[in-house]
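Chemist: Build me a model:
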Amino acid sequence: MLPVAVDAMGGDHAPETIVAAARAVAAAGTPVILVGPADLADRVDTGGLPLIPASEVIEMHDDPAQGVRRKKDSTLVRAAEAVRDGTASAMISAGNTGATMAAALLRMGRIKGVSRPAIATPIPVPGSLPTVLLDAGANAEVQPDWLVQFAQMGTVFARHRFDIATPRVGLLSIGEEPGKGDTLRKEAYELLVVAPGIDFIGNVEGRDVMTDGVDVVVTDGFTGNVVLKTLEGGMRTVVRSLLAAFASEEKYKPHAEALLPALLPLYETLDPETYGGAILLGVDGVCIISHGSSSERAIVNGINVAREMVEAKIVDEIRSAVSAAP
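Modeler: Coordinates of the predicted model:
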């Protein structure tokens with residue numbers, strides 16, 4: 001397959017960590033191409049990986065849309081253009097999230113028929129497969145029919161990413177009953193009930209997101225981002241509190257060591273870096289958005305997800321799902 005375009009300058013630990021991840025993935029057999037300054041090999045060991053030169057970087061504090069328009073030779077813009085032009089099969093960045101979305105949307109374009117792209121984020125579920133949450137931040141305000149498209153795209157993603165034959169879709173609301181929620185939720189509910197190609201199970205609540213009762217949860221980007229950040233913060237707090245409790249007294253340490261083998265798999269499940277980042281669904285190309293603080297492991301996992309989605313032809317699958325809708 002064509003290489004995955006890796007934004008070498010995106011993220012808190014760029015370029016060293018990003019390039020190290022790219023080298024590791026390339027050594028394992030996945031083709032990659034770095035996007036960064038022409039002298040990148042003088043700054044860090046690139047292992048001879050191919051490079052798309054880019055003289056600018058859209059920083060975390062930059063306005064996303066203005067950054068993409070003004071910095072036309074930025075790593076994000078060049079990565080998106082590589083996918084558009086057929087030089088790369090996918091792109092991944094741990095840089096400015098808004099700019100990553102803007103670059104993908106403005107350079108790759110939307111899949112025909114898609115009203116708005118959405119960020120799909122895997123939410124860990126202990127003992128089960130993750131729940132796909134979308135939109136996780138691309139669209140603060142949405143229309144009811146957009147939520148139907150989010151459900152269609154999320155269904156395709158969950159089927160190919162987590163091998164779920166018929167993903168169950170829930171609409172995030174403040175109650176399980178059909179009449180619960182604001183006008184947006186009520187109108188979206190009626191559309192989802194009759195939408196083809198979706199196994200809609202009705203309303204779900206925030207407490208259901210981290211359970212095995214639903215596979216895909218759809219909502220507006222404002223609510224979805226709040227849910228995502230709340231869950232991330234809550235999980236970090238629980239992990240820190242457990243570690244602090246284990247170390248609080250000497251007498252607890254033997255017990256903590258005995259429990260670690262059982263707790264490590266749980267930590268692996270709850271760690272967002274296990275899933276490599278989110279995917280922007282609805283653009284005409286594969287775009288993976290990783291967390292700004294991503295480690296080498298997270299970027300490796302993100303590149304692997306990009307490859308999986310390219311091999312699954314997820315863009316074509318979404319195009320077919322959207323075109324089949326009335």
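Chemist: what mean pLDDT does stretch 88-105 have?
Modeler: The pLDDT scores in stretch 88-105 average 95.
Chemist: Just the terminal-to-terminal distance for that stretch.
Modeler: Terminal residues of stretch 88-105 are spaced 16 Å apart (CA to CA, to the nearest Å).
Chemist: Ok, stretch 108-125 next?
Modeler: Using CA to CA, the end-to-end distance of stretch 108-125 comes to 33 Å.
Chemist: And that stretch, how far out from the chain middle?
Modeler: How far stretch 108-125 lies from its chain's middle: 9 Å, per CA atoms, centre = their mean, to the nearest Å.
Chemist: Could you break the chain into its assigned domains?
Modeler: Domain segmentation of the chain under automatic domain parsing yields 1-114+282-314, 115-276.
Chemist: Go through those domains and pick out the most buried.
Modeler: With neighbours taken as mean count of other CB atoms under 10 Å, the domains of the chain reach their highest mean count in domain 1-114+282-314, at a mean of 21. For every residue, glycine as well, the C-beta is placed using N, CA and C.
Chemist: Lowest average pLDDT across the domains of the chain?
Modeler: domain 115-276 - the lowest mean pLDDT of the domains of the chain, at a mean of 91.
Chemist: That one: how far from the chain's middle?
Modeler: From the chain centre to the centre of domain 115-276 is a distance of 12 Å (CA atoms, centre = their mean).
Chemist: quick one: residue 118 and residue 156 touch, right?
Modeler: No. Contact criterion CB atoms under 8 Å: residue 118 and residue 156 do not qualify, at 11.8 Å.
Chemist: Name the residues contacting each of those two.
Modeler: The contact sets of residue 118 and residue 156 overlap at residue 281 (CB atoms under 8 Å, 6 or more residues apart in numbering).
Chemist: want to throw the domains of the chain into a markdown table with distance to residue 321?
Modeler: Shown next, in a markdown table, are the domains of the chain (distance: least, CB to CB, whole Å):
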| stretch | distance to residue 321 |
| --- | --- |
| domain 1-114+282-314 | 9 |
| domain 115-276 | 5 |
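Chemist: how long is stretch 66-80 from one end to the other?
Modeler: 16 Å.
Chemist: Give me the contacts around it.
Modeler: Around stretch 66-80, the neighbours that count as contacts under CB under 8 Å, 6+ apart are 5-10, 35-36, 52-59, 62, 88, 91, 93, 95-96, 99-100, 102-104, 106-108, 285, 287.
Chemist: what about 7 Å?
Modeler: With contact meaning CB atoms under 7 Å, 6 or more residues apart in numbering, stretch 66-80 is reached by 5, 7-10, 35-36, 52, 54-58, 91, 93, 95-96, 99-100, 102-104, 106-108.
Chemist: any idea how far the strand or helix carrying residue 66 is from the chain center?
Modeler: According to DSSP states H and E, residue 66 maps onto helix 64-70. Relative to the mean C-alpha coordinate of its chain, helix 64-70 is positioned 21 Å out (CA atoms, centre = their mean).
Chemist: Over to stretch 315-326?
Modeler: The chain centre lies 20 Å from the centre of stretch 315-326; the measure is CA atoms, centre = their mean.
Chemist: avg pLDDT for it?
Modeler: Computed over stretch 315-326, the mean pLDDT rounds to 87.
Chemist: Flag every buried residue along that stretch.
Modeler: Of all the residues in stretch 315-326, those buried under the rule 16 or more other CB atoms under 10 Å are 315, 317-319, 321-322.
Chemist: so after the helix holding residue 66, what's the next helix or strand?
Modeler: Later in the chain than helix 64-70, the nearest helix or strand by DSSP H and E is helix 75-84.
Chemist: Tell me where the stretch 151-300 of the chain has strands.
Modeler: Counting by DSSP state E, counting those that start in this stretch, one finds strands in the stretch 151-300 of the chain at the ranges 168-172, 199-204, 216-218, 278-281, 286-289.
Chemist: and the longest one, what other elements does it pack with?
Modeler: In this structure, strand 199-204 makes packing contacts with strand 168-172, helix 183-194, judged by 3 or more CB pairs under 7 Å, 6 or more residues apart in numbering; DSSP states H and E.
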